[in-house]
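Student: Give me a 3D structure for the following:
(one chain, ligands or ions: 3)
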Amino acid sequence: MQLRIVTDQPWQVTADVLAVPIVGQPSFDGGLAELNRRSGGELAALASFGELTGKRYHAALASSGDLPAGRLLAVGAGEGDALTRETIQRLGATIERRLGGRTVHSLAIWLGDLGTHLDGGDTTVAELLVRGVVEGSYEPKAIYLAAVESAPPALDELILVAPGADAAALTRAAERGQIIGEGANVARTLANRASNDVSPIVLADAARDIAARNGLSIDVIEPEQAAELGMGMFLAIGRGSDNPPRMIVLRSGEPAERDALGRHLAIVGKGVCFDSGGISIKPADRMEEMKMDKTGAATVIAAIETVARLAPGTPLLAIAPAVENMPGPHSARPGDIVRAMNGKQVDITNTDAEGRLILGDALTYAEQLGATHLVDVATLTGAVSRALGHLVTGAFGTPQAWYESVIAAGDQAGERYWQVPLIDDYVVDMDSWYGDLQNAGSAEGSLVKSGLFLREFRTKPWVHLDIGGTGYFRKALPFAARGANGVTHATLVELALAGAR
Ligand code: BES
Ligand code: MN
Ligand code: ZN
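Tutor: Ligands and ions are numbered 1, 2, ... in the order given. All right, here's what the predicted structure looks like:
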């Protein structure tokens, strides 16, 4: 897809479709009045008919009258003072998805006055709209089907219409948005692929391809070496399947190299290629979704690629413990005591709390490799989706200053987080009769406890992002297909790029 910045007025632009944002209640003044006039009053007519509402992510197709654009697509942005970076990205995605099944080769989007509502103005809007269009073009059915009815159009050209803007700055921003959007889509495909397709070995092979294409170092640790390294929690789960586990380690920059902020950042992602629950087996209902329990791994693998594309050589470590959590003769049993890589003796009271086990060893290993700052991403709990739903990611961290740096990167990326407290008083609920602690604990406050467990396996500043609710959508939304949605990818990219030279 070719990107083009046009600094003419929107009524001068030729394209198959010209998308027009509607901020607030539809009212036809300024540039919109001119577009309405040249469309033969079509926009105003649709508004009075009730077809064009201006409601956020509601989009109406209109004929274009005398305009050089083939059709108009009016898309609601909601009230101007409520506009966020997330909204702009989702507007881009909504526009692209609303055109699903239509014949569109060139799409133009008029930026209108969106930029007046955001830091960074039109440059920010350009980046986020393009990212949104790229992410909006994602069609999960295309993974396994040759032809998908009403898929979002494969555009030849995306034109941003920003009268009087600095075209060079907008071009750079648009290209950045395109690369970040493509990275999110890489994460989504890895996450969405079926468990009979993506085993830990296949995930490691995908990481190898990404490393080779982007000049990254890669080390894939097999069970024998994991045993030598003492990764007892990782192996307790990994041994339970005929598909052996892999600890995938990708690196950009030199070992333990500090970035411009003095950090050696490690991003760690949960890679459970299928989570049956193991011996503590899950109910059948929606168990098929547990192929997406590798979303955290997919996200960190994609994020390090995106960082390498945008700022090659930026110091960054990405670690993805990849396992299949299966019941069988080699599975961990409830009550098994295993020795974590950091020496703690862990009582596996529930084999379905497997994510924290594999992540705990991955965090320890990240520190051994020189990480000074840690962020992990995981579809860790069902509890987080009960608490916060599918649009806000639960986040934990310590110390608070590091938590806030990560959330600031999230703001930049247009991603929402809500802090879950690490309540020390609940640690006693995770006491074990035989070991240092158990992996599950009682059900009350189980979301807090999942974070408390992970906290035991790091000594450096650490943030944990639980995408159990937000990582994939159960139904399609105006701005996203169903399935994995790439959440946290852009946050991790912004966080790492903050330390680029
Ligand atoms: N992968 C699941 C969490 C999950 C469930 C994510 C549904 C998305 C949708 C995780 O491994 C798990 O099973 N967690 C348990 C923990 C419990 C046993 C302490 C849970 O949330 O029920
Ligand atoms: Mn589980
Ligand atoms: Zn899981």
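Student: Which secondary structure state is assigned to the closest residue to ligand 3 within the stretch 401-501 of the chain?
Tutor: As assessed by CB to the ion, ligand 3 sits closest to Gly468 within the stretch 401-501 of the chain, at 8.2 Å. Every C-beta, even on glycine, is put in place using the N, C-alpha and C of the backbone. At Gly468, secondary structure determined by DSSP: H, G, I helix; E, B strand; the rest coil is coil.
Student: need the contact list for it.
Tutor: Residues near Gly468 by CB atoms under 8 Å, 6 or more residues apart in numbering: 378-385, 394.
Student: and it, how far is that from Val384?
Tutor: 5 Å (CB to CB, to the nearest Å).
Student: could you pull out the helices for the protein?
Tutor: 30-38, 42-49, 85-98, 121-136, 167-192, 200-214, 223-229, 232-238, 295-310, 355-368, 383-388, 400-413, 446-455, 489-497 (DSSP state H).
Student: can you give me the end-to-end distance of stretch 487-501?
Tutor: With CA to CA, to the nearest Å as the measure, the ends of stretch 487-501 fall 26 Å from one another.
Student: With stretch 449-469 instead?
Tutor: 17 Å.
Student: can you check stretch 242-251 too?
Tutor: For stretch 242-251, the end-to-end distance is 28 Å (CA to CA).
Student: Pick out the residue of the stretch 1-150 of the chain closest to ligand 2.
Tutor: At 22.6 Å from ligand 2, Pro140 is the closest residue in the stretch 1-150 of the chain, using CB to the ion.
Student: Might you report the residue contacts of that residue?
Tutor: Each residue near Pro140 by CB under 8 Å, 6+ apart is listed here: 188-189, 192, 481-484.
Student: And Leu316, by the same measure?
Tutor: Per CB under 8 Å, 6+ apart, neighbours of Leu316: 251-253, 259, 265-267, 304, 307, 496.
Student: Got the confidence number for it?
Tutor: Looking at Leu316, its pLDDT reads 99.
Student: partners of it in the sheet?
Tutor: For Leu316, the beta-bridge partners are Ser252 (DSSP bridges).
Student: measure it to Lys270 for me?
Tutor: 18 Å.
Student: Which positions in the stretch 351-500 of the chain make contact with ligand 1?
Tutor: 352-355, 379, 381-383, 440, 446, 468 (CB under 6 Å from any ligand atom).
Student: okay, those residues in TSV with pLDDT next?
Tutor: Converted to TSV, these look like this (pLDDT from 0 to 100):
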residue	pLDDT
Asp352	98
Ala353	98
Glu354	99
Gly355	99
Thr379	99
Thr381	98
Gly382	98
Ala383	98
Ala440	96
Ser446	98
Gly468	98
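Student: residues in the protein within reach of ligand 1, list them.
Tutor: Residues of the chain lying near ligand 1 by CB under 6 Å from any ligand atom: 275, 293, 350, 352-355, 379, 381-383, 440, 446, 468.
Student: contacts with ligand 2 among these, please.
Tutor: 275, 352, 354 (CB under 5 Å from the ion).
Student: which residue does the stretch 151-300 of the chain bring closest to ligand 2?
Tutor: For the stretch 151-300 of the chain, CB to the ion, closest residue to ligand 2: Asp275, 4.4 Å.
Student: I'd guessed that residue sits against Arg286; true?
Tutor: No: between Asp275 and Arg286 there is no contact under CB atoms under 8 Å: 11.4 Å.
Student: who has more neighbours, the two?
Tutor: Between Asp275 and Arg286, Asp275 has the larger neighbour count (other CB atoms under 10 Å), namely 26 against 10.
Student: Next up, the contacts around the more buried one.
Tutor: 282, 290, 293, 325, 352, 354-355.
Student: Also Met287?
Tutor: Met287 touches Ser276, counting by CB under 8 Å, 6+ apart.
Student: Give me the pLDDT value at it.
Tutor: pLDDT at Met287 comes out at 98.
Student: any idea how far it lies from Lys270?
Tutor: The separation that Met287 has from Lys270, given CB to CB, amounts to 17 Å.
Student: do the same with Thr364
Tutor: 15 Å.
Student: Repeat that for Arg176.
Tutor: Computed as CB to CB, the Arg176 to Lys270 distance reads 28 Å.
Student: Between these two, which has more neighbouring residues?
Tutor: Counting neighbours by other CB under 10 Å for Arg176 and for Lys270 shows that Lys270 has the greater number, 32 against 21.
Student: Phi and psi next, for that one.
Tutor: Torsion angles at Lys270 (phi, psi; degrees, to the nearest 10) stand at phi -70, psi 120.
Student: check contacts around the closest residue to Glu86 other than its chain neighbours.
Tutor: Counting by CB to CB, 6 or more residues apart in numbering, Glu86 lies nearest to Gly414, which is 4.0 Å off, once chain neighbours are set aside. Taking CB under 8 Å, 6+ apart, we find Gly414 in contact with 84-89, 128, 490.
Student: Equivalent analysis for Ile358, please.
Tutor: Shown in contact with Ile358 (CB under 8 Å, 6+ apart): 233-234, 237-238, 245, 270-272, 321, 323.
Student: Can you give me the pLDDT of it?
Tutor: Reported pLDDT for Ile358: 99.
Student: If we ignore the residues flanking it in sequence, what's nearest the residue of the stretch 1-150 of the chain found nearest ligand 1?
Tutor: Distances between the stretch 1-150 of the chain and ligand 1 by CB to the nearest ligand atom are smallest at Pro140, namely 16.9 Å. The shortest distance from Pro140 to any non-neighbouring residue, by CB to CB, 6+ apart, is to Gly483 (4.3 Å).
Student: Pairing partners for the one you found in the sheet, please.
Tutor: Beta-bridge partners, per DSSP bridges, of Gly483: Phe473.
Student: can you count the residues close to Pro421?
Tutor: 11.
Student: Grab the nearest non-local neighbour of it.
Tutor: Pro421's closest residue in space is Val448 (CB to CB, 6+ apart), at 6.6 Å.
Student: Fine by me, thanks again.
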